[in-house]
Every structure is written in structure tokens, then in C-alpha cells.
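Student: Build me a model:
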Amino acid sequence: MITIIAAIGRNNALGKDNRLLWRLPEDLKHFKSLTENHPVVMGRKTYESIGKPLPNRTNIVVSRRENWFQEDILIVSKLKEALKFAKKIDEDVFIIGGGEIYKQTMELADRLEITFVDEDFEADTFFPNIDLKIWQKTNEEFHEKDEKNKYNFYFQTYERINKD
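Tutor: The predicted model follows:
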């Protein structure tokens with residue numbers, strides 16, 4: 001099962017200047033609970049924005065840069081390689097960003113785990129549109145803003161309607 005996991009604004013905003021646009025501690029807990037003990041696949045810029053390997057996960061980074069090295073992560077030059085390695089480790093693989101990696105994996109994914117932040121943001125990186133002819137929302141959980149979470153948000157799960 002390939003799952004794309006992302007937090008997006010109303011306008012599909014993901015980030016700006018290689019940074020997230022919000023801090024939602026509840027979303028971080030949700031992300032950790034879903035991805036822990038599974039391989040995570042990300043692009044180099046996403047890895048650099050995180051700054052270190054995510055604990056209790058096999059971190060696989062796709063990078064076209066030669067001679068780029070970081071300890072405790074697997075670096076591959078192609079997305080297909082990343083998915084091949086990830087599937088050898090665990091049948092549940094999580095794609096965690098960024099924008100280009102999401103675009104390339106939308107047609108490969110079985111599930112989307114989206115945190116929908118109910119706000120428009122200025123961004124330079126966006127999530128691909130979720131085509132409701134291909135994806136069916138199977139779960140939605142509303143979270144009201146509070147002292148720790150500045151925005152209203154939803155945890156949404158989408159399943160591919162039919163994978164040909």
C-alpha cells in the first residue's frame with residue numbers, strides 16, 4: 001500500500017521557501033502515528049527542511065545531486081528505486097513530500113492521508129488537485145482551532161476508486 005500523506009491549505013498550499021506554512025501539533029502527532037515503523041519516501045528539499053532523519057522510520061530520500069550524503073538515510077536517484085527499496089522493508093510505504101514527489105506518485109498511490117487546513121496561504125509549493133473521479137473520501141475528522149492549533153483543520157482519508 002502506497003500512501004501519500006500531506007498537510008494542505010484550502011488553496012492546496014504545501015509550503016513556501018522550503019518551510020511549512022503552519023504549526024499544528026495535533027497534525028504532527030497524527031503524522032507520527034501513521035508513519036512510525038514504516039518507510040518514508042521524500043525529496044531532498046523535504047529532507048533538508050526537516051533537517052534530520054525521522055526516528056523509528058526508514059528514511060529514503062530521492063535526490064539527483066551526486067555526492068550528496070547524509071548519515072542514517074538511504075539516498076536514491078530515482079523515485080522507482082525508492083519505492084522498490086521501501087517495499088522490501090514494509091508493504092506500507094508513506095510518501096511525505098515535497099510537491100514534485102507528490103505529483104509523481106499521485107498515479108501510483110492507493111491512499112491519501114490529508115490534513116486539510118481550513119485557510120488560504122501564500123505559497124510557492126502546492127499539492128496536486130485531488131480528482132474525485134479517482135479518489136473517494138472515506139473518512140473525515142474535524143478539529144477546531146485551539147490554543148495550540150491556530151487553524152481549523154480536518155484529517156481526511158481518500159481511497160483510490162479503482163486502480164487500473
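
Student: Show me where the protein dips below the pLDDT cut-off.
Tutor: 67-69, 163-164 (pLDDT under 70).

Student: ok, which stretches of it are strands?
Tutor: In the chain, the strands defined using DSSP state E lie at 2-9, 13-16, 19-20, 40-43, 59-62, 74-76, 93-97, 111-117, 125-126, 135-143, 153-160.

Student: Residue 156: how many residues sit nearby?
Tutor: 19 (other C-beta atoms under 10 Å). Backbone N, C-alpha and C define where each C-beta goes, glycine included.

Student: what about the spatially most central residue of the chain, distance to residue 71?
Tutor: With distances taken as C-alpha atoms, centre = their mean, the residue of the chain nearest its centroid is residue 96 (2.6 Å). Distance, residue 96 to residue 71, by C-beta to C-beta, to the nearest Å: 19 Å.

Student: follow-up on the earlier one: redo the strands of the chain as CSV? Include distance to residue 30.
Tutor: Converted to CSV, the strands of the chain look like this (distance: least, C-beta to C-beta, whole Å):
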stretch, distance to residue 30
strand 2-9, 9
strand 13-16, 16
strand 19-20, 14
strand 40-43, 14
strand 59-62, 19
strand 74-76, 25
strand 93-97, 12
strand 111-117, 7
strand 125-126, 21
strand 135-143, 9
strand 153-160, 6
